[in-house]
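Novice: Provided below are the primary sequence and the corresponding predicted coordinates.
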Amino acid sequence: FPTRRSSDLIEWSCWQSQMSITEAMEFHDLTLRIRKACFGEKHHSVMQTMIIMGTFHRSMSDLVKASEFFYHASCIGQAILYKFSAVVVACTNLFLTCTETITITKRTEIVTYRETMIRFMIEICKRKHGASSDHVIKWYEVLAKLYIDIKEEYRATIIYKELYEIIVLRFGKGHPRARGISETLASLNVVLEGESEEEVVKYNEWIFETSEEMEVTHELRISIIIRLAHTYETQGKLFLAEKLYINLWRRISEICRIKTSIEMHMAKINIALEYVRFLQRIKRIEEASNILICLWAEYEHHSCESET
């Protein structure tokens, strides 16, 4: 039985010119099964036949089927050839091209394949263009979007963390792209299932650190601080939780004295109420009542106009 890669190409040329695409695909499918049986999965001729099958299915717009063949061809190539050889990179690119228009809403086998190939493409781009290149940034963004599309927000935050570090290293902490990632992270509804309490605290502290570029009055920034305070509270770190509430309330109060607007005063009131609820939960009822009384006294006859 022929084992040279050239024999696959000769078969392709002959069958393509002498029969219909459907018939040719049937013959190639048969030869693929025979080659697997004779030589095993990881063989040059098996890889070549898979590339041909992928090309056939792609020409017929069966992108899911085509992508499966290109995925397996890439994996075989990584095992039997130089990992970053032109053939392997080409198969990886073809797979990613075939799957980029597929609608993704949950984790499936093809989604897992795409996840693997995107990670491999990041590896390729780091090697070829540098760890903080535009190419690497692009594929990190693609991978993060994939996780968000399949509702795996926690995995997305891990990717955004790596991406944030790349952006900061390349452009600086105050760059708009760094702030954009901070805002995206803050808006994600992440549920940490199966994580230790320590990991939950570390995660929320990291989100808090990335949000430092936002204005303290930014709605997302406020929600991040309150989220971290809740995390500290569940961990029994009441001093740290209370410190966050007090510092945030003090900072917003200072801004309200300078910038009078309905939005600022509403933020101040909401933060004070969050602090009151915290005091009530830890049974410091008298202090909570005193804050409410002071808040009522301050705003009983208060009026302000929203700035335009």
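Specialist: Perfect, I can see it now. Since this is a predicted model, take the numbers as computed values, not measurements. Numbers count the residues shown, from 1 in each chain.
Novice: for stretch 35-55, measure first residue to last.
Specialist: 18 Å (C-alpha to C-alpha, to the nearest Å).
Novice: what about residue 258, how many neighbours?
Specialist: Using other C-beta atoms under 10 Å, residue 258 is surrounded by 7 other residues. Any C-beta I mention is one placed from the backbone N, CA and C, and that applies to glycine too.
Novice: oh sorry, the question was meant for residue 270
Specialist: The number of residues near residue 270, taken as other C-beta under 10 Å, comes to 14.
Novice: the one 5 residues further on now?
Specialist: When neighbours are counted by other C-beta under 10 Å, residue 275 registers 22.
Novice: could you shift the numbering so residue one becomes 56, and keep it that way?
Specialist: From this message on, residue numbering opens at 56, which makes the last subject residue 330.
Novice: so what's the residue nearest to it when sequence neighbours are not counted up against?
Specialist: Nearest residue to residue 330 in three dimensions, chain neighbours excluded: residue 300, at 4.1 Å (C-beta to C-beta, 6 or more residues apart in numbering). For residue 300, the contact set (C-beta atoms under 8 Å, 6 or more residues apart in numbering) comprises 281, 284, 326, 329, 330, 333.
Novice: for residue 168, state which of these is nearest.
Specialist: Using C-beta to C-beta, residue 281 comes nearest to residue 168 of those, at 39.6 Å.
Novice: nearest residue to that closest one in space, ignoring adjacent ones along the chain?
Specialist: Excluding the flanking residues, the one nearest residue 281 by C-beta to C-beta, 6+ apart is residue 329, at 5.6 Å.
Novice: and the one you found, how many residues sit next to it?
Specialist: Neighbourhood size, residue 329 [other C-beta under 10 Å]: 18.
Novice: quick check: mean pLDDT of the helix or strand hosting it?
Specialist: Per DSSP states H and E: residue 329 is located in helix 317-336. The average pLDDT within helix 317-336 is 89.
Novice: what does the helix or strand just after it contact?
Specialist: Going down the chain from helix 317-336, the next helix or strand is helix 340-354, by DSSP H and E. Outside of helix 340-354, the residues that reach it under the criterion C-beta under 8 Å, 6+ apart are 320, 324, 327, 330, 331, 332, 334, 335.
Novice: let me see the contact set for the second one.
Specialist: By that I understand residue 324. Taking C-beta under 8 Å, 6+ apart as the contact definition, residue 324 lies against 350, 354.
Novice: so where's the stretch 56-205 of the chain shaky on pLDDT?
Specialist: The model of the stretch 56-205 of the chain has pLDDT under 70 over residues 56-76, 78, 82-83.
Novice: how far away from the center of its chain is stretch 141-153?
Specialist: Mean-position distance between stretch 141-153 and its chain equals 22 Å (C-alpha atoms, centre = their mean, to the nearest Å).
Novice: please tell me how far the spatially most central residue of the chain sits from residue 127.
Specialist: Nearest residue to the geometric centre of the chain (C-alpha atoms, centre = their mean): residue 199, 2.1 Å. Distance of residue 199 to residue 127, given as C-beta to C-beta, to the nearest Å: 26 Å.
Novice: over to residue 221?
Specialist: The spacing between residue 221 and residue 127, counted by C-beta to C-beta, is 31 Å.
Novice: repeat that for residue 296.
Specialist: With C-beta to C-beta as the criterion, residue 296 and residue 127 are 52 Å apart.
Novice: quick check: which ranges of the stretch 256-363 of the chain have low pLDDT?
Specialist: For the stretch 256-363 of the chain, applying pLDDT under 70 flags the ranges 256, 258-259, 261, 265-269, 271-272, 356-363.
Novice: show me where this structure has helices.
Specialist: 60-73, 76-94, 99-114, 118-135, 141-154, 164-184, 189-204, 208-226, 231-242, 252-265, 274-289, 293-313, 317-336, 340-354 (DSSP state H).
Novice: hang on, the earlier thing: for residue 296 and residue 127, work out which one has more neighbours and name it.
Specialist: Neighbours per residue (other C-beta under 10 Å) separate residue 296 from residue 127, with residue 296 holding more: 23 against 20.
Novice: including distance to residue 107, could the contacts of residue 300 go into JSON lines?
Specialist: Compiled in JSON lines, those are given as follows (distance: C-beta to C-beta, whole Å):
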{"residue": "281", "distance to residue 107": "58"}
{"residue": "284", "distance to residue 107": "60"}
{"residue": "326", "distance to residue 107": "64"}
{"residue": "329", "distance to residue 107": "63"}
{"residue": "330", "distance to residue 107": "67"}
{"residue": "333", "distance to residue 107": "65"}
